[in-house]
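A.B. asks: Show me the folded form of this:
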Amino acid sequence: MASTEPVVRVDDLRVTFPTLDGDVRAVNGLSFEVPAGGALGIVGESGSGKSVTSLALMGLHRGTKASITGSIEVTGKDVVAATDRELRRMRGNDIAMVFQDPMQSLHPQYTIGDQLVEAYRVHHPKASRAQARKRAVASLERVGIPEPGKRINSYPHEFSGGMRQRVVIAMGLMCEPKVLLADEPTTALDVTVQAQVLDLLDGLRRDLGMGLILVSHDLAVVAGSVDEVVVMRHGEAVERGDVRTVLSAPEHPYTRALLAAVPRVEVSRAQRRAADRAERAERERGVQRAEGADAAERGGFEPFTPAAPAAPADGEAPLLRVQDVAMCFKVRGGLWGRTMDFWAVKGVSFDLHRGETLGVVGESGSGKSTLSRMVMRLVEPTRGRIEFQGRDITHMPERRLRPLRKDVQMVFQSPYSSLNPRVTVGDAIGTALRVQGERDTKKVRLRVQELLERVGLEAAHYNRFPHAFSGGQRQRIAIARALILKPKLIVCDEPVSALDVSTQDQVLKLLSELQDDFGLTYIFVAHDLAVVRQISDRVAVMKQGEIVELGDSDGVYENPRSDYTRSLLNAAPLLDPDEARRHRAEREVARAAL
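C.D. replies: Model (predicted):
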């Protein structure tokens, strides 16, 4: 650390919000310091008070009904007592913030240059536009944007997710603040882009001597990037200290639970399954189980009973066969704005057997989601052949596909956008039964309520709307909706990437239990290598529309044949701070050699 004098000092911070049910204490007695050149990680689940703390540090509680007590000092200035005018001067000059979603931070109708120039001239009104533009180009170059003199004229949609996050960081650096506050800056990014952003933040901290506050739900993200960590739960700091000490010898049970929930690339599927099954057996031991449902109550409707999970017999035909499929999109570009062919998927082939899980991993733009949509026949392949249960569905018309759709279902990435906010949970799940011809309202309701209980919710949730549930609960609802027709294959497209680690762990356990109980087959798409290994029998690694490696999960992870697979594994976040920093140093050497 460059200095021991704190650039941020928080003492007994308390943030309270009034609600119809009484006051809610979002932050309760939080204290910490960040020295100049130092880095602090704030970690906790959704609702722990992390983001409220971040907003209070920026003085963004103004204009809300929040009540704040305690003190917040940034570079010796009192944030709580500051006037609005003083706060505007502090933001950008003393402390800057990098938000979670760069698309929400950048205006889509203005060029990157216009937005950077505006951020600088607000604090330096005497600077000319040319001076501000020169500063903006330098800031883009500092964060690693290639050809910054040209890209400054681009719009946000012309950048990838990782590059947009770099632009937001560049905006925060325009006035060279003493503190940079990064609130979940890598949550929506794939593993290699996440590593690049974390490497960038660490390098900027060292080069500029600024303080860094990194907010995340994932201890592995902060492990190699901070000196100290504060673990928050229900608005309180339950543990704090040197990052190595907290991660190697956590004292609080909540910290230990967070660490246990972090998926680890070194843990195999067999190890994960054994642990999950042992935990489930312990949970169910002593629980009185009903011997069946009252047939009269169910009105003769077949209970949602497990299918007997069985390994595929030798020589059994695959449930799904994908042969040389490719997908071409027409995009506008090139000379005079003419349309060009963009091959999102190029000649992909694989077989998937009953009861198996195939993990599909790769960076954004690798073709994972397009492949998933072709398997679902949401899009029709440009070429190739897709067989499901021995039937060619490649170009099958929709009227013939509809009866087959009950056998192939999908769980989408965002539990917030995949559920209609105006439709109750019961209707959202039961619609599929009605589409397939079930007209008995009582039977539909009983089936839905039974399934809600099976995925860890309550039958009483039937008439509630999605907004009444957390992100993890919404994803359980989405899984119940996929299960309602007793499918044979479920395609999971990034189903846990939007969830914090403990909720993510719960959903993964649920998926494994359901596979055991119902003999399900999964295609599991994700950018998180640790998650993919723990749930997959086999793994397909995709790059630029092609499968560059396909094989047994343990073999791919322990003895990767492709350089691309090795680079993905090297970019995966690690819980050991020393190992994380060693990997970062190796990446810096590799980048310098290019």
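A.B. asks: which of the residues in the host helix or strand of Leu550 are buried?
C.D. replies: Element membership of Leu550, judged by DSSP states H and E, is strand 546-552. For strand 546-552, a neighbour-count test (16 or more other Cβ atoms under 10 Å) marks 546-551 as buried. Bear in mind the C-beta positions are built from the backbone N, C-alpha and C, glycine included.
A.B. asks: what pairs with that strand, and is each one parallel or antiparallel?
C.D. replies: Neighbouring strands of strand 546-552 in its sheet, by DSSP bridges, are strand 538-543 (antiparallel).
A.B. asks: Output the partner strand as CSV, restricted to C-alpha atoms.
C.D. replies: Taking C-alpha atoms only, strand 538-543 is exported to CSV below (Å, rounded to 0.1, in the frame of the first residue of the first chain):
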residue,chain,number,x,y,z
ARG,A,538,-19.2,-34.6,-20.6
VAL,A,539,-18.1,-31.1,-21.6
ALA,A,540,-18.0,-29.4,-25.0
VAL,A,541,-15.8,-26.3,-25.2
MET,A,542,-16.9,-23.8,-27.9
LYS,A,543,-14.9,-21.0,-29.6
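A.B. asks: Provide a list of residue ranges in the stretch 151-300 of the chain with pLDDT below threshold.
C.D. replies: Along the stretch 151-300 of the chain, the parts satisfying pLDDT under 70 run over 188, 286-300.
A.B. asks: List the residues that contact Val43.
C.D. replies: 50, 215-219, 222, 229-232, 258 (Cβ atoms under 8 Å, 6 or more residues apart in numbering).
A.B. asks: In helices, which of those appear?
C.D. replies: The helices, defined by DSSP state H, take in 50, 219, 222, 258 from the contacts of Val43.
A.B. asks: what's the closest of these to Val197?
C.D. replies: Relative to Val197, the closest of those is Val222; by Cβ to Cβ it sits at 12.9 Å.
A.B. asks: count of residues packed around the nearest residue to that closest one once chain neighbours are set aside?
C.D. replies: Distance criterion Cβ to Cβ, 6 or more residues apart in numbering; nearest residue to Val222, sequence neighbours excluded, is Gly41 at 3.3 Å. Neighbours of Gly41 under the rule other Cβ atoms under 10 Å: 25.
A.B. asks: What separation do you get for Gly41 and Arg584?
C.D. replies: Distance, Gly41 to Arg584, by Cβ to Cβ, to the nearest Å: 15 Å.
A.B. asks: Same question for Gly63.
C.D. replies: As for Gly63, its distance to Arg584 is 39 Å (criterion: Cβ to Cβ).
A.B. asks: more neighbours, these two?
C.D. replies: When Gly63 and Arg584 are compared for neighbours, Arg584 comes out ahead with 20 against 7, by other Cβ under 10 Å.
A.B. asks: Quick check: which element contains that one?
C.D. replies: Using DSSP H and E, Arg584 falls in helix 577-593.
A.B. asks: Same check on Glu239?
C.D. replies: Glu239 is part of strand 236-242, with elements assigned from DSSP H and E.
A.B. asks: ok, and for that strand, which residues are buried?
C.D. replies: 237-240.
A.B. asks: Give me the helix or strand of the chain that scores worst on average pLDDT.
C.D. replies: The helix or strand of the chain with the lowest confidence, counting by mean pLDDT, DSSP states H and E, is helix 295-298 at a mean of 41.
A.B. asks: How about exporting the following helix or strand past that helix as CSV, limited to the C-alpha atoms?
C.D. replies: Later in the chain than helix 295-298, the nearest helix or strand by DSSP H and E is strand 320-332. Presented in CSV, the C-alpha positions along strand 320-332 are these (Å, rounded to 0.1, in the frame of the first residue of the first chain):
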residue,chain,number,x,y,z
LEU,A,320,-30.4,-36.5,-29.1
ARG,A,321,-28.1,-36.6,-32.1
VAL,A,322,-26.6,-33.3,-33.6
GLN,A,323,-24.8,-33.8,-36.9
ASP,A,324,-22.8,-31.0,-38.6
VAL,A,325,-25.3,-28.3,-37.7
ALA,A,326,-24.5,-24.7,-38.6
MET,A,327,-26.3,-21.4,-38.3
CYS,A,328,-25.8,-18.4,-40.6
PHE,A,329,-27.2,-15.0,-39.9
LYS,A,330,-27.4,-12.1,-42.3
VAL,A,331,-25.9,-9.0,-40.8
ARG,A,332,-25.5,-5.5,-42.2
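A.B. asks: Which secondary structure elements does strand 320-332 sit against?
C.D. replies: For strand 320-332, the elements it packs on are strand 339-352, helix 368-375, strand 383-388, judged by 3 or more Cβ pairs under 8 Å, 6 or more residues apart in numbering; DSSP states H and E.
A.B. asks: Let's see that with 6 Å instead.
C.D. replies: strand 339-352, strand 383-388 (3 or more Cβ pairs under 6 Å, 6 or more residues apart in numbering; DSSP states H and E).
A.B. asks: Output those as CSV; include the columns mean pLDDT.
C.D. replies: Shown next, in CSV, are the helices and strands packed on strand 320-332 (pLDDT from 0 to 100):
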stretch, mean pLDDT
strand 339-352, 91
strand 383-388, 96
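A.B. asks: will you turn those into JSON lines that also has distance to Pro403?
C.D. replies: Formatted as JSON lines, these follow (distance: least, Cβ to Cβ, whole Å):
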{"stretch": "strand 339-352", "distance to Pro403": "21"}
{"stretch": "strand 383-388", "distance to Pro403": "12"}
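A.B. asks: residues near Lys150, how many?
C.D. replies: 10.
A.B. asks: Likewise for the one 5 residues further on?
C.D. replies: Using other Cβ under 10 Å, the number of residues around Tyr155 comes to 15.
A.B. asks: Give me the nearest residue to it, chain neighbours excluded.
C.D. replies: Leaving aside its sequence neighbours, Tyr155 is closest to Thr111 (5.8 Å, by Cβ to Cβ, 6+ apart).
A.B. asks: still on that earlier bit, let me see the residues that make contact with the helix holding Arg584.
C.D. replies: Contact partners of helix 577-593, identified using Cβ atoms under 6 Å, 6 or more residues apart in numbering, comprise 199, 223-224, 243-244, 570, 574.
A.B. asks: Scan the residues you listed and report the most crowded one.
C.D. replies: With neighbours taken as other Cβ under 10 Å, the top of the contacts of helix 577-593 is Ala223, carrying 27 neighbours.
A.B. asks: which residues does it contact?
C.D. replies: For Ala223, the contacting residues are 575, 577, 580, by Cβ under 6 Å, 6+ apart.
A.B. asks: Return the member of these nearest to Gly162.
C.D. replies: Distance to Gly162 across those (Cβ to Cβ) is lowest for Ala580, with 18.9 Å.
A.B. asks: Could I get the contacting residues of Phe70?
C.D. replies: Not Phe; residue 70 is Gly. Gly70 neighbours (Cβ under 6 Å, 6+ apart): 11-14.
A.B. asks: Going by neighbour count, which of the residues you listed comes out on top?
C.D. replies: Counting neighbours by other Cβ under 10 Å, Leu13 comes out on top of the contacts of Gly70 with 24 neighbours.
A.B. asks: ok, back up a step: dump the helices and strands packed on strand 320-332 into JSON lines; add mean neighbour count and distance to Arg91 as well.
C.D. replies: Converted to JSON lines, the helices and strands packed on strand 320-332 look like this (neighbours: other Cβ atoms under 10 Å; distance: least, Cβ to Cβ, whole Å):
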{"stretch": "strand 339-352", "mean neighbour count": "17", "distance to Arg91": "41"}
{"stretch": "strand 383-388", "mean neighbour count": "18", "distance to Arg91": "53"}
